[in-house]
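K.L.:
the sequence isn't on hand, but the structure is:
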């Protein structure tokens with residue numbers, strides 16, 4: 001089964017499990033499409049045309065749905081607060097009161113579908129849902145807050161896995177990179193000082209999207225920036241810049257005088273962020289690492 005057939009199977013499973021074909025799905029006597037239009041109008045003001053375009057529906061079809069919602073007393077048309085030439089669809093007080101009942105019923109139904117499962121399985125399901133939502137609706141998911149938190153138990157394996165997979169699939173690097181990353185994580189777990197070493201995880205909507213590490217070395221005045229990674233799903237959203245800024249600020253607060261990092265010339269997106277943060281390249285050397293001949297670079301930042 002390829003990824004297309006697998007996805008089609010998922011949509012069929014969801015349709016059956018959630019009950020999308022059932023007239024009682026929303027517990028409101030509304031057809032599913034009417035309920036979705038009603039939900040979106042409660043989420044924010046829309047013009048009829050904009051709402052139809054967003055949902056991928058015929059404008060006339062949406063207009064008929066809105067008329068039915070108006071007859072129910074749940075929706076009204078009002079002059080826009082930002083452009084008095086435009087009329088927008090907004091919920092009435094009765095509509096606002098009706099929505100929580102519908103959402104509450106759907107949440108309860110969804111809880112039944114997901115079921116009570118062991119914590120590790122629930123975590124994996126959350127990550128799978130988060131990755132699918134980031135892929136299918138990036139603009140909507142981007143509205144959710146990005147959380148920058150400490151490393152949790154079990155996540156050093158995730159860091160190793162993401163680095164190794166990305167390097168293999170993007171640059172055809174071999175398992176020696178995985179061995180290096182794994183050793184870095186083992187060293188961190190066995191010998192880090194919380195006052196001078198830290199790992200951050202960037203997470204949004206149940207999905208881990210980035211990581212970075214600040215660690216000490218032999219010189220007590222020099223911090224090392226390591227394990228910087230941003231998931232391609234989060235590129236261009238300032239996640240990488242925020243991770244680097246947090247790492248640098250931590251190093252300053254910890255009393256370091258300088259920060260160094262090692263990278264490769266082919267990692268251009270990361271290099272641009274290092275330059276933005278004030279790092280300067282101080283050494284370059286062409287070497288064979290991880291099954292590839294690359295230009296290794298050392299960068300420094302005076303703190």
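P.N.:
Everything's here; your move. Only a predicted model underlies this, so the values are computations on that prediction, with no experimental measurement involved. Numbers count the residues shown, from 1 in each chain.
K.L.:
next, work out how far apart residue 105 and residue 220 are.
P.N.:
60 Å (Cβ to Cβ, to the nearest Å). Bear in mind the C-beta positions are built from the backbone N, C-alpha and C, glycine included.
K.L.:
look at the two and report which has more neighbours.
P.N.:
Using other Cβ atoms under 10 Å, the more surrounded residue of residue 105 and residue 220 is residue 105, with 15 against 11.
K.L.:
checking my notes, the more buried one in a helix, right?
P.N.:
Yes. Under DSSP: H, G, I helix; E, B strand; the rest coil, residue 105 sits within a helix.
K.L.:
ok, what's across the strand from residue 296?
P.N.:
With DSSP bridges as the criterion, the beta-bridge partners of residue 296 are residue 264, residue 285.
K.L.:
that one and residue 188, how far apart?
P.N.:
Per Cβ to Cβ, residue 296 is found 22 Å from residue 188.
K.L.:
of these two, who's got more company?
P.N.:
Comparing residue 296 with residue 188 by other Cβ under 10 Å, the one with more neighbours is residue 188, at 19 against 14.
K.L.:
list the contacts of the more buried one.
P.N.:
The contact partners of residue 188, taken as Cβ atoms under 8 Å, 6 or more residues apart in numbering, are 156, 197, 199, 213, 215.
K.L.:
my guess is the second one contacts residue 225. True?
P.N.:
If I follow you right, that is residue 197. No. Using Cβ atoms under 8 Å, residue 197 is not in contact with residue 225; the gap is 11.6 Å.
K.L.:
phi and psi next, for residue 269.
P.N.:
With angles defined as degrees, to the nearest 10, residue 269 sits at phi -60, psi -40.
K.L.:
which of the contacts of residue 188 fall in helices?
P.N.:
Those of the contacts of residue 188 mapping onto helices are residue 156, per DSSP state H.
K.L.:
please say which of residue 197 and residue 225 ends up with more neighbours.
P.N.:
With neighbours defined as other Cβ under 10 Å, residue 197 and residue 225 compare such that residue 225 has more, 24 against 17.
K.L.:
name the SS class of the more buried one, please.
P.N.:
strand.
K.L.:
tell me the confidence at it?
P.N.:
Residue 225 carries a pLDDT score of 97 in this model.
K.L.:
next, the contact list for it, please.
P.N.:
Counting by Cβ under 8 Å, 6+ apart, residue 225 touches 212-214, 244, 247-248, 251, 259-261.
K.L.:
what's near enough to touch the residue nearest to residue 144 when sequence neighbours are not counted?
P.N.:
For residue 144, ignoring the flanking residues on the chain, the nearest one in space by Cβ to Cβ, 6 or more residues apart in numbering is residue 205 at 4.7 Å. By Cβ under 8 Å, 6+ apart, the contact set of residue 205 is 130, 133-134, 141, 144.
K.L.:
now do residue 261
P.N.:
Residue 261 is in contact with 224-226, 228, 274, 279, 298-299, counting by Cβ under 8 Å, 6+ apart.
K.L.:
okay, those residues in TSV with distance to residue 8 next?
P.N.:
Compiled in TSV, those are given as follows (distance: Cβ to Cβ, whole Å):
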residue	distance to residue 8
224	46
225	43
226	41
228	37
274	42
279	46
298	48
299	46
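K.L.:
what's the farthest-apart pair in the residues you listed?
P.N.:
Between any two of those, the greatest separation by Cβ to Cβ is 14.4 Å, found for 228 and 298.
K.L.:
many thanks, have a good one.
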